[in-house]
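K.L.:
the amino acid sequence is not available; the structure is as follows:
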C-alpha cells in the first residue's frame, strides 16, 4: 500500500465495516466478494425497476445472460490483450480415478492442486454486453437493435473498497446499428443516466474516462480512448467524497465488436455499438452512503422515484 | 453416446431446438450455457415471487450471494472429494508484461494459454447454500435460523438437455438448527414444494435420490444416501416424459456442514442443516413444455397462481 493511499484505504475500510455492522454486506473472507442482505438486494431491484421504466419507450429486447461466456467468443475479443489481469477463466477436473487420487493427495499436503485442472469451454463474463455480440453475428434489421441486459460480471481486482467488487451486476442498454445510431444512444443515455442518478439524490459528475488497460501500450490506449471521448463515466461519492466512484458508464465502441463478430447493418456496413451500463451494487452503495442504511427513512422524493 | 441414449438425446435436441426457434433460449455455442429471453426470465421472476409468498410465514432472513465462493471455504467442504468433475475453479493472469507477451504468443499460435494462469481466491458456487455455511460459524440463536437464498450455481456437465445447464439459479430455503428442526424443515418443504409444483399444473413425483458422486466410492456413497433417505427430488417431465427431470430437491445434510464450519446450536451441539432448492430454469422449462411457449395462453388457474 502506498503511503498516499492510506487515507483513502481508511475510508474504504471504514465504510466496509459500517456496511458489515449494519448487516448489509456479509463478508466471504475474500476482498470484494460479499453476500448481500435482503435490504441491499431490494434497493437493487427497485433501481432496476426504475431503469426498466426509463427505457420502456425504446421497446428494447430483453436478454439475460448467465455470468459465463463461451471461451471461443472471449478469444475473439481483445480482452486477453488489454485486460488479462482482470479475467476469470473457469477450470475443472477432467481426470480419472487415479488422477483424482493425486489431486486428493495434493489437497492433503496443502499443495496447489489447481494446476491439475483443465480449462473448460467458458470464461467469466467481463462486461454484461460481451455475451450479446457473438449472438448478433449476421445482418441487423433496418434501424438496428436495442437490447436490455443484466449480468454478473467478474473482475479480478481484490480491494478493500466496498464499491470495487470482484463480482457484481451491470444493467445495460446496448445499441447495435449505424455509427450515428450508436453515438446517439450513448449520448442520450449519458444525459438520461445523469438525470436518473440526480433524481435519487446522488451528486453525480460526468467525466471522460478510460479503461484500465494492461501492459506496455496502456498509456497510448488510454490516451486514444480519451482523445476520441469514447468512454464517459458518471461519478458519485461512495466511500470517499475526494475520490468519487464511477457508478455508470456510457461507451461508444466504434466498430470494435462489429468487426470481431461480423455484425453488419441492413445496408451491409460493419455495425457500430454503444452501451450504457449501470453498476447496480455501486449505485446501491452510493444511495446507502448518501441517505443512510434504512431505506424507510430516505427522503420522500427518493422513495417516490424508487417506488419504496 | 450409448445407443440406448439415442431416443433420449433426440428428445433433448428437439426441445432445445424448439426453445431456440421460439427465441426463449439464445445458444452461446457452449452446451448448457444460454441467454434467456425476457419471457423466460419473466416466468422465473413470477415463480420466485410465488416461492417468496409461500415462505413469508417463516420470516426468513434474505441473503443473496454472487456465483463465487471463497476457495478456502470450498476446501472445507468435501466437494473436491465427491464432485471434482463438476467443479469450477476461477483462474486469472497474474504475470508481468514479459509473461503477457508469452501468453499472447500462445494465443497467436492457437496453443493452450490456460496453464499460464494462476488460481484466484474463488471457486464457482456448487449449490446456492454453500456460501452461507462459512458465514454461520459460531453459535446459532435459540430456535436456529431459516434463510432465503438465491444464487447462480455451476456444474461442469455439458449436455444437450436444455434442463441440464452448466450455470443456473437455485432458490433455497435453508434451515440451521437441531436435528429435529432441520428434518422438519426438509419434510415440510418436500410436501409444500410438491403442492406448489402441482398448483402450476406440473405432473410432479417425489423420489428418493442420490447425488452424482465421483470415483471408486460413488456406489457406496449413493447407497448410503438413499438408505438414510437424506435426499428427495421432485421430478417433472421436461424434454422427456419417460425420463423426468428433478426440478426441486429437498436435502437433509445431517451435521455435515455444522462440522465443516463449526456451526453450533444454542445448547452447544453441532448444528444440523437442511434445505429445499428450487431449480428455477428447470421449473420454467417444465412450465413451457407443459403449457406452451406463450404464457398469456397458459391455463387461467396457473396464471392466477403465478400472478401472470
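P.N.:
Structure's in. What do you need? This is a predicted model, so every value here is computed, not measured.
K.L.:
what's the separation between residue A:29 and residue B:118?
P.N.:
Distance of residue A:29 to residue B:118, given as Cβ to Cβ, to the nearest Å: 19 Å. Just so you know, the C-beta spots here come from the backbone N, C-alpha and C atoms, and that holds for glycine as well.
K.L.:
ignore what I typed, I meant residue A:308.
P.N.:
43 Å.
K.L.:
same thing with residue A:86?
P.N.:
For residue A:86 relative to residue B:118 (Cβ to Cβ), the value is 14 Å.
K.L.:
mutual contacts of those two, please.
P.N.:
residue B:92 (Cβ atoms under 8 Å, 6 or more residues apart in numbering or on different chains).
K.L.:
looking at the two, which is more packed in?
P.N.:
Here residue A:86 and residue B:118 are compared on neighbour count by other Cβ atoms under 10 Å in any protein chain shown; more neighbours surround residue A:86, at 20 against 13.
K.L.:
residue contacts, the more buried one?
P.N.:
A:126, A:154-157, A:212, A:214, B:92.
K.L.:
likewise residue A:172?
P.N.:
A:128-129, A:147-150, A:275-278.
K.L.:
can you check residue A:20 too?
P.N.:
A:26-27.
K.L.:
does it lie in a helix or a strand, and which?
P.N.:
Assigned by DSSP states H and E, residue A:20 belongs to helix A:6-21.
K.L.:
ok, residue A:153 next?
P.N.:
Using DSSP H and E, residue A:153 falls in strand A:145-154.
K.L.:
just the pLDDT for residue A:223.
P.N.:
For residue A:223, the model assigns a pLDDT of 88.
K.L.:
please apply the same query to residue A:65.
P.N.:
In this prediction, residue A:65 has a pLDDT value of 98.
K.L.:
how about it, phi and psi?
P.N.:
Taking degrees, to the nearest 10, you get phi -100, psi 150 for the backbone angles of residue A:65.
K.L.:
any idea how far it is from chain B?
P.N.:
5 Å (Cβ to the nearest Cβ, to the nearest Å).
K.L.:
which residues does that residue contact?
P.N.:
Per Cβ under 8 Å, 6+ apart, neighbours of residue A:65: A:125, A:128, A:131-132, A:149, A:151, B:28, B:35-36.
K.L.:
from these, which single one is nearest residue B:81?
P.N.:
Nearest to residue B:81 among the contacts of residue A:65: residue A:125, at 29.5 Å, using Cβ to Cβ.
K.L.:
so who does the closest one touch?
P.N.:
Applying Cβ under 8 Å, 6+ apart, we find residue A:125 in contact with A:65-69, A:131, A:151-154.
K.L.:
before we move on, what about residue A:52?
P.N.:
residue A:148.
K.L.:
could you confirm it falls within a helix?
P.N.:
Yes. Assigned with DSSP: H, G, I helix; E, B strand; the rest coil, residue A:52 falls within a helix.
K.L.:
now do the helices in the stretch 51-200 of chain A.
P.N.:
Secondary structure of the stretch 51-200 of chain A, counting by DSSP state H, counting those that start in this stretch: helices at A:71-76, A:79-82, A:97-108, A:132-135, A:179-199.
K.L.:
could you dump the ones you listed to JSON lines with mean neighbour count and distance to chain B?
P.N.:
Formatted as JSON lines, the helices of the stretch 51-200 of chain A follow (neighbours: other Cβ atoms under 10 Å in any protein chain shown; distance: least, Cβ to the nearest Cβ, whole Å):
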{"stretch": "helix A:71-76", "mean neighbour count": "17", "distance to chain B": "6"}
{"stretch": "helix A:79-82", "mean neighbour count": "18", "distance to chain B": "6"}
{"stretch": "helix A:97-108", "mean neighbour count": "13", "distance to chain B": "5"}
{"stretch": "helix A:132-135", "mean neighbour count": "23", "distance to chain B": "5"}
{"stretch": "helix A:179-199", "mean neighbour count": "18", "distance to chain B": "19"}
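K.L.:
so what's the spatially closest residue to residue A:92 that is not a sequence neighbour up against?
P.N.:
In space, and not counting its chain neighbours, residue A:92 is closest to residue B:156: 4.2 Å by Cβ to Cβ, 6 or more residues apart in numbering or on different chains. Residues in contact with residue B:156 (Cβ under 8 Å, 6+ apart) are A:90, A:92, A:120, B:85-88, B:166.
K.L.:
and the lowest-mean-pLDDT helix or strand in chain A with helix B:97-108, angle?
P.N.:
Lowest by mean pLDDT, DSSP states H and E among the helices and strands of chain A is helix A:218-227, with a mean of 88. For helix A:218-227 against helix B:97-108, the angle by axes from the mean of the first three to the mean of the last three Cα atoms, to 10 degrees is 70 degrees.
K.L.:
the residue nearest to the spatial centre of chain A pairs with what?
P.N.:
For chain A, residue A:170 is the residue whose C-alpha lies nearest the centre (Cα atoms, centre = their mean; 4.5 Å). For residue A:170, the beta-bridge partners under DSSP bridges are residue A:151, residue A:279.
K.L.:
next, the contact list for it, please.
P.N.:
Residue A:170 sits next to A:127-128, A:149-151, A:153, A:277-280 when contact means Cβ under 8 Å, 6+ apart.
K.L.:
what score does it have for pLDDT?
P.N.:
98.
K.L.:
sorry, back to before: near chain B, from the contacts of residue A:172?
P.N.:
residue A:148 (Cβ under 8 Å from any Cβ of the partner chain).
K.L.:
nearest to residue A:295, of the contacts of residue A:172?
P.N.:
residue A:278 (18.1 Å).
K.L.:
what about that closest one, neighbour count?
P.N.:
By other Cβ under 10 Å, the residues close to residue A:278 number 26.
K.L.:
any stretches of the stretch 1-150 of chain A with poor pLDDT?
P.N.:
A:1-5 (pLDDT under 70).
K.L.:
which pLDDT value goes with the residue nearest to residue A:92?
P.N.:
Confidence for residue B:156, expressed as pLDDT, is 98.
K.L.:
now it: how far from residue B:167?
P.N.:
Distance from residue B:156 to residue B:167, by Cβ to Cβ: 10 Å.
K.L.:
first-to-last residue distance for stretch A:211-221?
P.N.:
Stretch A:211-221 has an end-to-end distance of 9 Å (Cα to Cα, to the nearest Å).
K.L.:
in that stretch, what's buried?
P.N.:
Residues A:211, A:213-215, A:218, A:221 are the ones in stretch A:211-221 that count as buried (16 or more other Cβ atoms under 10 Å in any protein chain shown).
K.L.:
out of the residues you listed, which touch chain B?
P.N.:
Of the buried residues of stretch A:211-221, the ones that also sit near chain B (Cβ under 8 Å from any Cβ) are A:214-215.
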